[in-house]
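Asks: Sharing a sequence plus its predicted fold:
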Amino acid sequence: MTKITDTKFLKAYEMASNTSLRFPPDIMLHFYAYYKRATQKNGFYASANNEDLRSGFKANALLQVEKLSQLEARNKYIEMVEKHIGKI
């Protein structure tokens with residue numbers, strides 16, 4: 001991964017973490033899935049804990065991005081931040 005992408009991704013994460021904006025659940029799930037995919041360490045991970053509805057939605061969101069590379073997921077995360085929060 002390039003240093004520019006790393007820097008932009010970290011800035012995007014900082015912006016998303018510190019925003020006071022409220023987003024619909026589907027947008028939040030996209031943020032979650034792209035972030036998890038972009039930062040995974042040891043292969044694809046989806047929680048086996050589907051005891052509640054929230055965990056089921058999270059697992060589904062992760063499955064939707066499992067074919068993205070980490071770089072693609074970082075870029076998608078950056079795009080979402082720029083679209084919903086502001087330019088980086």
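Replies: It's in. Numbers count the residues shown, from 1 in each chain.

Asks: in the chain, what secondary structure element scores lowest on mean pLDDT?
Replies: In the chain, no helix or strand scores lower on mean pLDDT, DSSP states H and E than helix 53-64, which sits at a mean of 88.

Asks: Give the buried residues for the next helix or strand after that one.
Replies: For helix 53-64, the succeeding helix or strand toward the C-terminus, using DSSP states H and E, is helix 70-84. For helix 70-84, burial by neighbour count (16 or more other C-beta atoms under 10 Å) applies to 73, 74, 75, 76, 77, 78, 80, 81. Placement of C-beta: from N, CA and C, glycine included.

Asks: What of stretch 26-34?
Replies: Those would be 29, 30, 31, 32, 33, 34, for stretch 26-34 by 16+ other C-beta under 10 Å.

Asks: Among those residues, which ones are in helices?
Replies: 29, 30, 31, 32, 33, 34 (DSSP state H).

Asks: Sticking with residue 15, tell me its helix or strand.
Replies: Here residue 15 is assigned to helix 3-18, by DSSP H and E.

Asks: quick check: mean pLDDT across that helix?
Replies: Averaging pLDDT along helix 3-18 gives 92.

Asks: by contact count, what packs against that helix?
Replies: Under the contact criterion of 3 or more C-beta pairs under 8 Å, 6 or more residues apart in numbering; DSSP states H and E, helix 3-18 touches helix 25-39, helix 70-84.

Asks: so how far is it from its chain's centroid?
Replies: Its chain's C-alpha centre and that of helix 3-18 lie 11 Å apart, by C-alpha atoms, centre = their mean, to the nearest Å.

Asks: now the angle between helix 25-39 and it, please.
Replies: Using axes from the mean of the first three to the mean of the last three C-alpha atoms, to 10 degrees, the inter-axis angle of helix 3-18 relative to helix 25-39 is 140 degrees.

Asks: Name the residues of helix 3-18 that are buried.
Replies: So helix 3-18, judged by 16+ other C-beta under 10 Å, has buried residues 8, 9, 12, 13, 15, 16.
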